[in-house]
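Q: the sequence and its predicted three-dimensional model are supplied below.
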Amino acid sequence: MSDAHETAGKIVEDFCMRLPSEIREVSHLLGSLNAESQRSNEALVKLHAEVHRISGSAKCMGFPLLGDKLSDIEDNLETMLEESVQLRNERLINVASLIEGVARLTQHARPENSQLLRRARQKLKASGERAGQEKEKPLSVLFADDDLSIRHLMMNILSALGIERCMYFSNGRDLLNKAREFRPDLIITDWVMSPVSGFDILKAVRSGEAKIPADTGIIFLTSSNTLERVNRAIDAGVDDFLVKPFSQNTVGRSIHRVASRVTRGPRQSKKQIN
Amino acid sequence: MHNELKRILYLEDDPFISEIALLALCNIANYNVLHCSSGHDAIEKFDTFQPDLMLFDVMLPDIDGVQTYDRICENAHARLPIVFMTAKAQTYQQQYYFDKGALCVIMKPFEAGTLGRQLEYCWHSRR
């Protein structure tokens, strides 16, 4: 992994060195638009494509703020393609100002500020600290939701959180069938599914029927949080809820809360929400 | 095509993103990857390389990732396994890629450490 880290460092360093000249090129392309008597679509399309590329590049190299500022410029350019000449003229002034802001931000685009490299360094440091100690098992998650787009959203989120050992299911029955072999630390499941619901999964785990530790962490996804249903789920032993739509931050916090439980003794009955 | 995912045709025009992705897919996940930087290049090399899976960026300067995929499938007379990668994927846009036949949509920025696993999951989720 350290070789990969070193290679990633060189890629980011290369990006940082080339970035100022790429931003200058974007300014130059914008200037040529200003000079044209006709705001040709071809020049705008070229500029839009270039800004899109650099924006994606900046985000992937670990400079999200810079990437977002470039995305703003990209959005403006996209709108300009649909607008009249007069409105384009007005928007060009805004775009020029945004590009000046981006040019200033490029000063901070240095390898030591890259979030990509920072995460890689943290992983290296963590694996170094674990050397000589008992190897810590990475967190493993089973996820079930009958909505394909939710499954893909969660896949992207868990990947971004660095959780590598995951399996995804479209129904509760398949999740329960796999659970014994997979031995997850955590189950995240949609509450309302048919024929096997999240609640059925919860009961199967807590009763021992699922043949995995009865205190395995369980998080429900729900579109509503009516009090009666929440209390019923708490009584049955759910650990946490995620209300749709959810973000990476809320998922990360929920997983951290559940995975950080110190004791794994017999489940205590929890206080009802009033 | 094998049951195991081994060969990936990767389409991405940005040199930095492609280097990070190749690091993730070749060095970390040990796939055999052919990288193309344009849609026309990918169409030309598809037959020779015969990938198990295609991983395509969507927005490209010449023909975009979706158009490239359509042309390849037209030539092959079949809908082939594809994963699209994009920086912009609102729900309605994601659905468009799924309707085109995408196994999944990976959003940028991607996590280099888990990109290989994401593709593995996508591969095994195909019907």
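A: Received the coordinates, thanks.

Q: so which residues on chain A come close to chain B?
A: A:1, A:3-4, A:7-8, A:11-12, A:14-15, A:46, A:49, A:52-53, A:55-57, A:59-62, A:64, A:67, A:71, A:116, A:120, A:123, A:148-149, A:152, A:155-156, A:159-160, A:162, A:164, A:166-168 (C-beta under 8 Å from any C-beta of the partner chain). For every residue, glycine as well, the C-beta is placed using N, CA and C.

Q: could you list every residue that touches the residue of the stretch 151-274 of chain A found nearest chain B?
A: Residue of the stretch 151-274 of chain A nearest chain B, by C-beta to the nearest C-beta: A:S159 (4.3 Å). By C-beta atoms under 8 Å, 6 or more residues apart in numbering or on different chains, the residues touching A:S159 are B:F110, B:E111, B:T114, B:L115, B:R117, B:Q118.

Q: what about the fifth one, how many neighbours?
A: It stands for B:R117. 20 (other C-beta atoms under 10 Å in any protein chain shown).

Q: check it and give its pLDDT.
A: B:R117 carries a pLDDT score of 86 in this model.

Q: quick one: the helices in the chain?
A: All of this refers to chain A. A:2-35, A:41-60, A:64-80, A:85-105, A:115-130, A:148-160, A:172-182, A:198-207, A:227-236, A:248-259 (DSSP state H).

Q: correction: the question concerned chain B.
A: Using DSSP H, helices in chain B cover B:15-22, B:39-49, B:65-76, B:91-99, B:115-124.

Q: can I get those in JSON lines including distance to A:K203?
A: Converted to JSON lines, the helices of chain B look like this (distance: least, C-beta to C-beta, whole Å):
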{"stretch": "helix B:15-22", "distance to A:K203": "43"}
{"stretch": "helix B:39-49", "distance to A:K203": "50"}
{"stretch": "helix B:65-76", "distance to A:K203": "44"}
{"stretch": "helix B:91-99", "distance to A:K203": "32"}
{"stretch": "helix B:115-124", "distance to A:K203": "28"}
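
Q: name the nearest residue to the residue of the stretch 151-274 of chain A closest to chain B, sequence neighbours excluded.
A: Closest residue to A:S159 apart from its sequence neighbours, by C-beta to C-beta, 6 or more residues apart in numbering or on different chains: B:T114 at 4.3 Å.

Q: sorry, back to before: okay, the helices of chain A in a markdown table with mean pLDDT next?
A: Output for those, formatted as a markdown table (pLDDT from 0 to 100):
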| stretch | mean pLDDT |
| --- | --- |
| helix A:2-35 | 87 |
| helix A:41-60 | 89 |
| helix A:64-80 | 91 |
| helix A:85-105 | 85 |
| helix A:115-130 | 75 |
| helix A:148-160 | 86 |
| helix A:172-182 | 90 |
| helix A:198-207 | 91 |
| helix A:227-236 | 75 |
| helix A:248-259 | 86 |
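
Q: what does chain B put close to chain A?
A: Contact residues, chain B versus chain A (C-beta under 8 Å from any C-beta): B:13-14, B:16-17, B:19-20, B:23, B:27-28, B:59, B:61, B:87, B:91, B:94-95, B:98, B:104-115, B:117-118, B:121, B:125.

Q: how about 6 Å then?
A: Contacts of chain B with chain A, taken as C-beta under 6 Å from any C-beta of the partner chain, map to B:14, B:16-17, B:19-20, B:23, B:27-28, B:59, B:61, B:87, B:94, B:104, B:107-109, B:111, B:114, B:117-118.

Q: of those residues, buried ones?
A: Neighbour counting with 16 or more other C-beta atoms under 10 Å in any protein chain shown marks B:14, B:16-17, B:19-20, B:23, B:27-28, B:59, B:87, B:94, B:104, B:107-109, B:111, B:114, B:117-118 as buried within the residues of chain B next to chain A.

Q: beta-bridge partners for A:A144, please?
A: Bridge pairing for A:A144 (DSSP bridges) gives the partners A:F169, A:T189.

Q: so it sits against A:T189, correct?
A: Yes - the pair A:A144 and A:T189 qualifies as a contact (C-beta atoms under 6 Å) at a distance of 4.5 Å.

Q: tell me, how many residues neighbour A:N76?
A: 16.

Q: number of nearby residues for the nearest residue to it once chain neighbours are set aside?
A: Take A:N76 and drop its neighbours on the chain: the residue closest to it by C-beta to C-beta, 6+ apart is A:V95, 5.1 Å away. By other C-beta under 10 Å, the residues close to A:V95 number 23.
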